[in-house]
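Trainee: Below: sequence and its predicted model.
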Amino acid sequence: MDAAGLVRFANPYALDFLNLTEQELVGQPVVEVLMAQDDQETARAMLDHIHEAPELYRNIEGQNITGDGRRVWVSWTNTALFDGAGRPAGVLSVGNDITRRVHLEEELRALSHRDGLTQIPNRRYFDQVVDQECQRAYRNQTPMALIMVDIDHFKAFNDHYGHQAGDDALRAVARALHQALRRPTDLAARYGGEEFVIVLPETTLKGAEQVARATARAVRDLKIEHAASPVGPNLTVSLGVTATPAPQRSRLRLLPPDAMPRVAPRQLVAQADAALYAAKEAGRNRVVARALDTKSGSAAQPGA
């Protein structure tokens, strides 16, 4: 490329990879031909400053647009060129196709966040999401809720039907939990063993309790036989629900940004787990909802 960012030479390999003819590329602004609209401003800034800081922009990875509209990932090694007087003369860029590598990395990242048995998000991903949502709830002054879910008498189920049937039941319950959610921001994850967890951003305790009851119905509707359960003939779940309090907004003014105290993820998990324990103690196959007391960090008395 010359100092103005116009392509002056492209070897046959570049033309073939980018699916462009020499006429379509040589003599044209490299930014407008190869970059998506959203990336053009960043690319122009690099070309404007590469001669001032050659090492800073020497190695760049990003997406390019091919002649047939495909998006490919390329690793570019850029060398700033100067004329005999030391003035900017252009840039020599050598590219390597890294599309397959990037896609493999994305697949591996997705796999690291997925539970191998149930194929829903795993504990590691849940930990990331609940931390992000707690921060978002504090920043936006909105409530958020958490539901802990436990399959009733699952050890007895495994002992009676065998571990293969237990694995099948876990997969079925995971699907039911995922399908019971209605918003893309809601998350159902496997917490460990026969325990699952549901994260509900911007949801009050009452709304979360409704989700929990719908989730319990969805599992009962699976009609998975559980002859070893004292609760009933089919597989059931117990659910513990908690939520941060919703800020009371005045009609005349909004509350200050720190009106809702910051809630740590471990507080939500601990109180949802306490509500789940209460549901088990009360006979299982039920929902117990407890509002989080952000002043003391403890939960209020069961709401259901």
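Mentor: Looks like it arrived, so ask away.
Trainee: for the record, mean pLDDT for the helix or strand that contains Ala279?
Mentor: Assessed by DSSP states H and E, Ala279 sits inside helix 265-281. The pLDDT scores in helix 265-281 average 96.
Trainee: who touches that helix?
Mentor: 127, 130-131, 134, 144, 146-150, 152, 197, 238-242, 244, 286-290, 292, 294, 297-299, 302 (Cβ atoms under 8 Å, 6 or more residues apart in numbering). Any C-beta I mention is one placed from the backbone N, CA and C, and that applies to glycine too.
Trainee: Let's see which of the residues you listed end up in strands.
Mentor: Here DSSP state E is the test, and those give 144, 146-150, 197, 238-242, 287-290, 292, 298-299 as lying in strands.
Trainee: Kindly write the PyMOL command that selects the buried subset of those.
Mentor: Selection of buried members from the ones in strands among the contacts of helix 265-281 for PyMOL, criterion 16 or more other Cβ atoms under 10 Å:
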select buried, resi 144+146+147+148+149+150+197+238+239+240+241+242+287+288+289+290+292+299
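Trainee: which stretches of this structure have low pLDDT?
Mentor: Low-confidence segments of the chain (pLDDT under 70): 247-260, 294-304.
Trainee: Let's check: the centremost residue of it is which one?
Mentor: Val129 (6.5 Å; Cα atoms, centre = their mean).
Trainee: count of residues packed around Arg8?
Mentor: Neighbour count for Arg8, taken as other Cβ atoms under 10 Å: 12.
Trainee: List phi and psi for it.
Mentor: phi -110, psi -20 (degrees, to the nearest 10).
Trainee: okay but it is in contact with Val26, surely?
Mentor: Yes - counting by Cβ atoms under 8 Å, Arg8 touches Val26, with 6.9 Å between them.
Trainee: Now do the contacts for the residue nearest to Gln179 when sequence neighbours are not counted.
Mentor: Sequence neighbours aside, Ala218 is the residue nearest to Gln179 in space, at 6.8 Å (criterion: Cβ to Cβ, 6 or more residues apart in numbering). Shown in contact with Ala218 (Cβ under 8 Å, 6+ apart): Ala176, Leu177, Gln179, Ala180.
Trainee: Confirm that the second one sits in a strand.
Mentor: No - secondary structure of Leu177 (DSSP: H, G, I helix; E, B strand; the rest coil): helix, not part of a strand.
Trainee: which non-adjacent residue is nearest it?
Mentor: Closest to Leu177 by Cβ to Cβ, 6+ apart is Ala188, at 4.2 Å.
Trainee: Contacts only, for the one you found.
Mentor: Ala188 makes contact with Ile120, Pro121, Ala174, Leu177, His178, Ala180, Leu181, Phe196, Val197, Ile198, according to Cβ under 8 Å, 6+ apart.
Trainee: Try it again at 10 Å.
Mentor: Taking Cβ atoms under 10 Å, 6 or more residues apart in numbering, we find Ala188 in contact with 118, 120-121, 126, 147, 149, 173-181, 196-200, 215.
Trainee: same thing with Gln210?
Mentor: With contact set as Cβ under 10 Å, 6+ apart, Gln210 has these partners: Thr203, Thr204, Val241, Val287, Ala289.
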